[in-house]
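# Predicted model, plus sequence, below.
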Amino acid sequence: MKPSKALCILLFGVVIMTHPSMAEGTQAGTKITNRPTLNYSMGGENRTVNAPESSYVVDKILNFTVDLQKAKEQSFVIGHLVWAEFIVTNKGNSAEDFVLEGSYGRNREFSFNHSKIYIDKNDNGILDNYEKVDTPVLTKLGMDKKKRIWIEMKSSSSDNLIGKKSEFGLKIQASASGVDGIYKSESQKNNISKVDIVFADGGRDEDAVRNNTAVNRYLWKASSVATVFKVDKTLIFNHISADPLHGVAKNRQEAEKDNFQPLSRATRVKIWEVKNSSKGVGENIKVSIPIDKSVERISTTSAYTWWREKDKRVHIILDEKSNRIIGEGVYNPNTASIDFNIKRIGAGEKLYLHVVTVLTKSLKVGRLEIKNVWNIISADPVNGVCKDASDAKSGKFKAIPGATAIRSWEIINNTSNIAKDVKFSIKLNPKVERVATTSKNTWWKNDNRVHLISLEGKGNIGEGIYHANSNAVEFFFKEIKVGEKYHSYIVTEIK
């Protein structure tokens, strides 16, 4: 009998992410919402104002690994079956589907005649015949869950293969409903709005950590995963367009001068910029803009807007490129919001949604105005710490576990009286966030104060105090003079 002829083959695992797990904590898609309150006295009366809610959605971080379970270099008998064993681990913060396939490396001196994939469905650690999969997709692998995968391989029996080596291993691609690397389900199936996909290795499409020789080493490779289709919505205009004393603004620039006052029966226009920040084309995108029924009602006519002579539609969609009105929003009484249906928005394109309301009471008498003006991430485990406020506003820092969030409310005294003994309180959500105790993950990290108070024109003048009993950050102002504008900065960390 001829002695058996052994062929040496190097087996390796291909991974997409190599950074430490960040799954423990908050599930992707979780909405973190806060509503602060403002207490003060004016004219001898104690007053309370409920500030607008602010919220952000925890982003999805893709982080998963493939680990080889045996020695990195294996020998096998040519023409015989051989198995490579791997463990796939989902270190992200949501359940994921993965497409599995055998993959060759750079050191390829021969090819296998066949390969099959088995998934340990019963988690007994034993390769059972019935566990072979015709469609190699690992579905709904949960946060921090693991699954054992085998690849069955067989080479030819040619003597010419003896002594040659090839790299072969397992390649995985994050997927949605079995579509290779395409995250279509986020917008078309699950409809998780505002959720970004963040890659744990910094967002690169390819991540190859290759050693000088492929022998006895893993060869890691990342799969290209399309970005989820998403639109960013930003309030860019909030001015009075008409009032009973001054008539109607001739154009947007005139309204921006704020000569028109927020009196009862005045008309206000808010403009929201909607941008397609993904690489794909969006179709039939629904955007809802709520109104505050306590101080305003919707307008049913465009007579008090600057486009009244051009178009009779009231709540309009304006195209940036053509400067044309291409659609109209419809009031939904059930949700007290204006609903817009955007038929199509191309990659990188912007549209502007105009919402027109009529004030039911004067905003200038005895009421401080509060606006949530910032809701941004200043640091995350992938991208580090932002350099300045404009860097934080770039959007590259993502709301993932371990990230630092900065939110700011603007407090303006547009009344004719001094507001005294003002207390501004923001209650945190203990399930998904904790208060920051240091400013090291902010752009003002050289300042020991964390939760800042800023007076427009004078810079940072104080600090908010965290109270563990109420789990809230509170700011105190002895007084806010007429026309003064303060900013409060709240710093939290996502669990």
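Done, it's in. Residues are numbered from 1 along each chain as shown.

# Go ahead and measure how far stretch 42-56 is from the middle of the chain.
Put simply, stretch 42-56 sits 29 Å off its chain's centre (C-alpha atoms, centre = their mean, to the nearest Å).

# which outside residues touch it?
31-41, 194, 366-368, 370-372, 375, 377, 399, 405, 407, 409, 415, 417-420, 424 (C-beta atoms under 8 Å, 6 or more residues apart in numbering). All C-beta atoms are positioned from the backbone trio N, CA, C, and that covers glycine.

# For Lys431, give its distance to Asn469.
18 Å (C-beta to C-beta, to the nearest Å).

# neighbour-wise, which of these two wins?
Taking neighbours as other C-beta atoms under 10 Å, Lys431 and Asn469 compare with Lys431 leading, 9 against 5.

# Just the pLDDT at the more buried one, thanks.
On pLDDT, Lys431 comes in at 89.

# how does the protein divide up, domain by domain?
According to automatic domain parsing, the chain comprises the domains 6-22+63-199, 31-58+366-494, 231-359.

# And the second one, end to end?
Read that as domain 31-58+366-494. Terminal residues of domain 31-58+366-494 lie 11 Å apart, using C-alpha to C-alpha, to the nearest Å.

# So Glu254 belongs to a helix, correct?
Yes. The assignment for Glu254 by DSSP: H, G, I helix; E, B strand; the rest coil puts it in a helix.

# Can you give me the neighbour number for it?
16.

# and it, what does it touch?
By C-beta under 8 Å, 6+ apart, the contact list for Glu254 reads Trp306.

# Roughly how far does it sit from Glu484?
Taking C-beta to C-beta, one finds Glu254 at 25 Å from Glu484.

# One more: Pro136?
Look at Pro136 and Glu484: by C-beta to C-beta, they are 64 Å apart.

# These two: who's more crowded?
Pro136 (21 against 18).

# was I right about that one contacting Leu100?
Yes. Here Pro136 reaches Leu100: they are 4.1 Å apart, a contact under C-beta atoms under 8 Å.

# and for these two, which residues touch both?
Ile117.

# Tell me where the stretch 1-150 of the chain has strands.
Using DSSP state E, counting those that start in this stretch, the strands found in the stretch 1-150 of the chain span residues 6-13, 31-34, 37-42, 45-50, 54-57, 60-62, 64-68, 73-77, 81-90, 96-108, 114-119, 137-141, 146-154.

# which of the ones you listed sits most buried?
strand 60-62 (a mean of 26; mean count of other C-beta atoms under 10 Å).

# Any buried residues in stretch 245-262, and which?
By neighbour count on 16 or more other C-beta atoms under 10 Å, the buried set for stretch 245-262 is 248-249, 252, 254-255, 260-262.

# again, but for stretch 296-311
By 16+ other C-beta under 10 Å, the buried positions in stretch 296-311 come out as 296, 298-299, 302, 304-307.

# And for stretch 463-483?
463-464, 466, 472-475, 477, 480.

# And the contacts of that stretch?
40, 368, 411, 413-428, 430, 435, 437, 449-453, 462, 486, 488-490.

# That stretch: how far from the chain's middle?
29 Å.

# tell me how far the ends of it are from each other?
End residues of stretch 463-483 are separated by 21 Å (C-alpha to C-alpha).

# pLDDT on it, on average?
Here the average pLDDT along stretch 463-483 is 87.

# what stretches of the stretch 101-250 of the chain score poorly on pLDDT?
129, 156-163, 175-230 (pLDDT under 70).

# The helix or strand where Glu479 lies pairs with which strands?
Element membership for Glu479, per DSSP states H and E: strand 472-480. Sheet pairing of strand 472-480 (DSSP bridges) gives strand 419-427 (antiparallel), strand 465-467 (antiparallel).

# Glu96 and Ile426, how far apart?
34 Å.

# Apart from its neighbours in sequence, what residue is nearest Ile149?
Phe86 (4.7 Å; C-beta to C-beta, 6 or more residues apart in numbering).

# Beta-bridge partners for the one you found, please?
Leu68, Ile149.

# That one: what's it in contact with?
Here Phe86 is in contact with 13, 66-69, 148-151, 169-170 (C-beta under 8 Å, 6+ apart).

# For it, give its distance to Asn332.
According to C-beta to C-beta, Phe86 and Asn332 sit 50 Å apart.

# Kindly report the same for Ser362.
Applying C-beta to C-beta to Ser362 and Asn332 gives a distance of 27 Å.

# Comparing these two, which residue is more hemmed in?
Between Ser362 and Asn332, Ser362 has the larger neighbour count (other C-beta under 10 Å), namely 17 against 12.

# And that one, which helix or strand is it part of?
Assigning secondary structure by DSSP H and E places Ser362 outside every helix and strand.

# Now do the same for it: its pLDDT.
pLDDT, Ser362: 77.

# quick one: contacts for it?
262-264 are the contacts of Ser362 under C-beta under 8 Å, 6+ apart.

# now Thr437
Going by C-beta under 8 Å, 6+ apart, Thr437 touches 450, 466.

# Check the one 5 residues further on too.
Shown in contact with Thr442 (C-beta under 8 Å, 6+ apart): 378-379, 385, 404, 406, 450, 491.

# between those, which is closest to Val358?
Val358 lies nearest to Ile406 out of the contacts of Thr442, by C-beta to C-beta, at 34.2 Å.

# pretty sure that closest one contacts Ile376?
Yes. Counting by C-beta under 8 Å, Ile406 touches Ile376, with 5.7 Å between them.

# any residues in contact with both of these two?
Ala392.

# burial count for Lys312?
Neighbours of Lys312 (other C-beta under 10 Å): 11.

# And it, how far from Trp306?
For Lys312 relative to Trp306 (C-beta to C-beta), the value is 13 Å.

# for Ser390, helix, strand, or coil?
helix.

# what's near enough to touch it?
With contacts defined as C-beta under 8 Å, 6+ apart, Ser390 is in contact with no residue.

# Now do the contacts for Asn448.
Ser439 are the contacts of Asn448 under C-beta under 8 Å, 6+ apart.

# What strand or helix carries it?
Counting by DSSP H and E, Asn448 is part of no helix or strand.

# in the stretch 351-495 of the chain, what spans have low per-residue confidence?
363-367, 416-417.

# Which stretches in it count as strands?
With strands called from DSSP E, counting those that start in this stretch, the stretch 351-495 of the chain shows them at 369-380, 384-385, 404-412, 419-427, 433-435, 452-455, 459-463, 465-467, 472-480, 485-494.

# Quick one: distance of the longest one to the chain centre.
Right, strand 369-380. 14 Å.

# Give the other helices and strands that that strand contacts.
For strand 369-380, the elements it packs on are strand 54-57, helix 389-393, strand 404-412, strand 485-494, judged by 3 or more C-beta pairs under 8 Å, 6 or more residues apart in numbering; DSSP states H and E.
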